[in-house]
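*Asks:* What shape does this take:
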Amino acid sequence: MFSNKYDVVIGIEVHAELKTKTKMFSDAPVTFGQEPNTQCNEIDLAYPGTMPTVNKAAVRLAILLGTALNMEISKTVSFDRKNYYYPDLPKGFQITQQYNPINKDGFLEIKLEDNSFKKIRIERAHLEEDTAKQIHGDDNISYLDFNRCGNPLIEIVSQPDLSSAREVVSYLKQLQNILLYANVSDVKMENGSMRCDANVSLKLKGALELGKKVEIKNMNSISNVEQAINNEIEIQIEKLDNGIEVEQVTKRFDDVKKANILMRLKGDDVDYRYIPESNILPILLDQNWVDDIQASLPKLPKFYDTFYRSINLENQLIEQLINNYDINSFFYECCLKSTNYKAISHWVITVLNSYLNKENLVLKATNLNSDNLVEMINIIENGIISSKQGELVFKEIITNETNPKEVIKKLNLSQISDENLLQEIVQKLIDENNKMVMQFGDRPERVIKFLVGQTMKQTKGKANPKIVINLIKNILS
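*Replies:* Below you'll find the model as predicted:
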């Protein structure tokens, strides 16, 4: 796609809002979509005399993430002030962790397009508070909503180990899944609870010295990140090929124009005048508490990947499952109750997914549970009802949480599996359709399909199709 003359060097910073009930340094609620400026208090708004207190739940979630990302967990929690003035920052500084991040020196393995793996080093994952939200109105007035101000954030900073937009996509998807499966963040990029900055630079192939980097800020979808990085690579190649120096600047991605827009020059690093946060003394973490948190880490995507490979699921199916947290959790739950993985795959991946998409629902909004679905699958496998009848049962158990046996009884769906009775029906149909039967030697599939259809018609769909097919083959052979 791009010139082989240059190496692409990319580092990624991800801001993820933590799943806590209250904010990082106050007891105001963490919410989304509420009336502007109704979910903040005097601490968030930096009223004189107010003092921050550390959210213990946020520290716990940070330790969970550090464990999931193979990071070194700090023995103490301390905070620093990042000083700068901006309208969305009421204190005139942000409380963050510059000098002693709670997590450092980790890594994440990503899968490349050739199915090989690449280790991406993670420099740090530190705690901080979110800013307010700026809303730029059509009336040329900018508005501020302080509801988000003070929400707990974890900032995850990679080393510049990524070398293409596709690698970044793989990294972000993997990181997003880890945050979700570890129950650290809901990672809803459309709500702003996961945002991404990319630092992109180019250098001559094999050169040791890095080129000047361009930062692209606050992207809120993975597709936008991919587009923005590819845009930037193209821009920098064109400049370098024409002898034009790449400037160190900050840009944003315009998702309407699909273009990178200059925000500000960044000739020198900004001096944020970091100083220790004097209102929060360093907190020594109890090692037993940390050990308990690490032991409570939920199953991560890598666990499911290994398990699904052990039961011979296809790669595409595994990826589809892991990228859908709710469906994957439900699928795994079913697998713990039955080893009929092929049937579970059909009903969960094909039938259930189709139903949810058609009805525009999420799984939690239905009444389906794994016990009922597995019982229904076992009933089908035992020949009590057909797969076609199973579709009727499925519609009942997903809407009403009714036991499959009760549905079968209510709808009078039991299959006819009496071979003697079915043989009489099949033999009579063969005798009555001599012209069709004569084609069996040349077109056996057509004849079998016709006779199965006629048998189902005679039995109002209750005949066991497997038994019917075997009887037809045995008689006609």
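*Asks:* Poorly predicted segments of the stretch 301-450 of the chain, please.
*Replies:* Residues of the stretch 301-450 of the chain meeting the criterion pLDDT under 70: 418.
*Asks:* any idea where the strands of it begin and end?
*Replies:* Using DSSP state E, counting those that start in this stretch, no strands are found in the stretch 301-450 of the chain.
*Asks:* Okay, domains of this structure per the record?
*Replies:* 6-289, 299-411, 419-476 (automatic domain parsing).
*Asks:* okay if I get those as JSON lines plus mean neighbour count?
*Replies:* In this view, the C-beta of every residue, glycine as well, is placed from N, C-alpha and C. Below are the domains of the chain laid out as JSON lines (neighbours: other CB atoms under 10 Å):
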{"stretch": "domain 6-289", "mean neighbour count": "17"}
{"stretch": "domain 299-411", "mean neighbour count": "16"}
{"stretch": "domain 419-476", "mean neighbour count": "15"}
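*Asks:* what's the distance between Asn37 and Asn147?
*Replies:* Distance from Asn37 to Asn147, counting by CB to CB, to the nearest Å: 6 Å.
*Asks:* nope, Pro404 is what I was after
*Replies:* Noted for Pro404: a distance of 46 Å to Asn147, by CB to CB.
*Asks:* cool, and Pro90?
*Replies:* Distance from Pro90 to Asn147, counting by CB to CB: 13 Å.
*Asks:* any common contacting residues for those two?
*Replies:* Ala132 (CB atoms under 8 Å, 6 or more residues apart in numbering).
*Asks:* Helices of the stretch 351-477 of the chain, start to end?
*Replies:* 353-359, 370-381, 387-400, 404-411, 419-432, 434-437, 444-458, 465-476 (DSSP state H, counting those that start in this stretch).
*Asks:* Including distance to Tyr99, could those go into JSON lines?
*Replies:* Formatted as JSON lines, those follow (distance: least, CB to CB, whole Å):
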{"stretch": "helix 353-359", "distance to Tyr99": "47"}
{"stretch": "helix 370-381", "distance to Tyr99": "48"}
{"stretch": "helix 387-400", "distance to Tyr99": "53"}
{"stretch": "helix 404-411", "distance to Tyr99": "60"}
{"stretch": "helix 419-432", "distance to Tyr99": "79"}
{"stretch": "helix 434-437", "distance to Tyr99": "85"}
{"stretch": "helix 444-458", "distance to Tyr99": "74"}
{"stretch": "helix 465-476", "distance to Tyr99": "70"}
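*Asks:* Which one of those lies nearest to Asn191?
*Replies:* The closest approach between Asn191 and any of these, judged by CB to CB, belongs to helix 353-359 at 20.4 Å.
*Asks:* does Lys118 have beta-bridge partners, and which?
*Replies:* For Lys118, the beta-bridge partners under DSSP bridges are Ile110.
*Asks:* ok, it - contacts?
*Replies:* Listed by CB under 8 Å, 6+ apart, the contact partners of Lys118 are Glu109, Ile110, Leu112, Asp161, Glu167.
*Asks:* And the strands in the stretch 151-300 of the chain, which stretches?
*Replies:* For the stretch 151-300 of the chain, the strands defined by DSSP E, counting those that start in this stretch occupy 152-158, 194-204, 214-219, 249-254, 259-265, 275-276, 283-284.
*Asks:* closest one to Lys75 among those strands?
*Replies:* So among these, strand 283-284 is nearest, using CB to CB, at 6.8 Å.
*Asks:* which residues sit against the closest one?
*Replies:* Val54, Lys75, Thr76, Val77, Ser78.
*Asks:* Regarding the first one, what is its secondary structure?
*Replies:* Think Val54. coil (DSSP: H, G, I helix; E, B strand; the rest coil).
*Asks:* Now do the closest residue to it other than its chain neighbours, the pLDDT please.
*Replies:* Nearest non-adjacent residue to Val54, counting by CB to CB, 6 or more residues apart in numbering: Ile280, 6.2 Å away. We note a pLDDT of 97 for Ile280 in this prediction.
*Asks:* Same check on Lys75?
*Replies:* 97.
*Asks:* Also Ala259?
*Replies:* In this model, Ala259 carries a pLDDT of 95.
*Asks:* Also Ser185?
*Replies:* Ser185 is assigned a predicted lDDT (pLDDT) of 97.
*Asks:* that older thread, can you lay out the strands of the stretch 151-300 of the chain as CSV showing distance to Asn4?
*Replies:* Below are the strands of the stretch 151-300 of the chain laid out as CSV (distance: least, CB to CB, whole Å):
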stretch, distance to Asn4
strand 152-158, 24
strand 194-204, 11
strand 214-219, 21
strand 249-254, 25
strand 259-265, 23
strand 275-276, 46
strand 283-284, 51
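*Asks:* Can you flag the weakest of those by average pLDDT?
*Replies:* Among these, strand 259-265 scores lowest, with a mean of 90.
*Asks:* Which strands border that one, and is each parallel or antiparallel?
*Replies:* strand 249-254 (antiparallel).
*Asks:* Helices of the stretch 101-250 of the chain, start to end?
*Replies:* 165-181, 222-241.
*Asks:* what's Leu265 in contact with, if anything?
*Replies:* If you count contacts by CB under 8 Å, 6+ apart, Leu265 has them with Glu247, Gln248, Val249, Thr250.
*Asks:* now Ala452: how far from Leu429?
*Replies:* Wrong residue type there; residue 452 is Val, not Ala. 10 Å.
*Asks:* what's the answer for Lys82, then?
*Replies:* Distance, Lys82 to Leu429, using CB to CB: 82 Å.
*Asks:* just Asn115 next, same as before
*Replies:* As judged by CB to CB, Asn115 and Leu429 stand 52 Å apart.
*Asks:* Surely His15 forms part of a strand?
*Replies:* Yes. According to three-state DSSP, His15 belongs to a strand.
*Asks:* nearest residue to it other than its sequence neighbours?
*Replies:* His15 sits nearest to Arg195 (CB to CB, 6+ apart), 4.7 Å away.
*Asks:* separation between that neighbour and Glu17?
*Replies:* Distance of Arg195 to Glu17, computed by CB to CB: 9 Å.
*Asks:* can you check Pro465 too?
*Replies:* According to CB to CB, Pro465 and Glu17 sit 52 Å apart.
*Asks:* likewise Val9?
*Replies:* Distance, Val9 to Glu17, by CB to CB: 28 Å.
*Asks:* got the CA coordinates for stretch 284-297 in PDB?
*Replies:* C-alpha atoms of stretch 284-297 as PDB (Å, rounded to 0.1, in the frame of the first residue of the first chain):
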ATOM      1  CA  LEU A 284       1.200   1.800  50.800                       C
ATOM      2  CA  LEU A 285      -0.700  -1.100  49.200                       C
ATOM      3  CA  ASP A 286      -1.300  -4.100  51.400                       C
ATOM      4  CA  GLN A 287       0.300  -7.100  49.500                       C
ATOM      5  CA  ASN A 288      -2.400  -9.500  50.600                       C
ATOM      6  CA  TRP A 289      -5.100  -7.200  49.200                       C
ATOM      7  CA  VAL A 290      -3.200  -6.900  45.900                       C
ATOM      8  CA  ASP A 291      -2.800 -10.800  45.800                       C
ATOM      9  CA  ASP A 292      -6.500 -11.200  46.400                       C
ATOM     10  CA  ILE A 293      -7.300  -8.800  43.500                       C
ATOM     11  CA  GLN A 294      -4.900 -10.600  41.200                       C
ATOM     12  CA  ALA A 295      -6.400 -14.000  42.100                       C
ATOM     13  CA  SER A 296      -9.900 -12.600  41.200                       C
ATOM     14  CA  LEU A 297      -9.000 -11.800  37.600                       C
END
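*Asks:* Nothing else from me, thank you.
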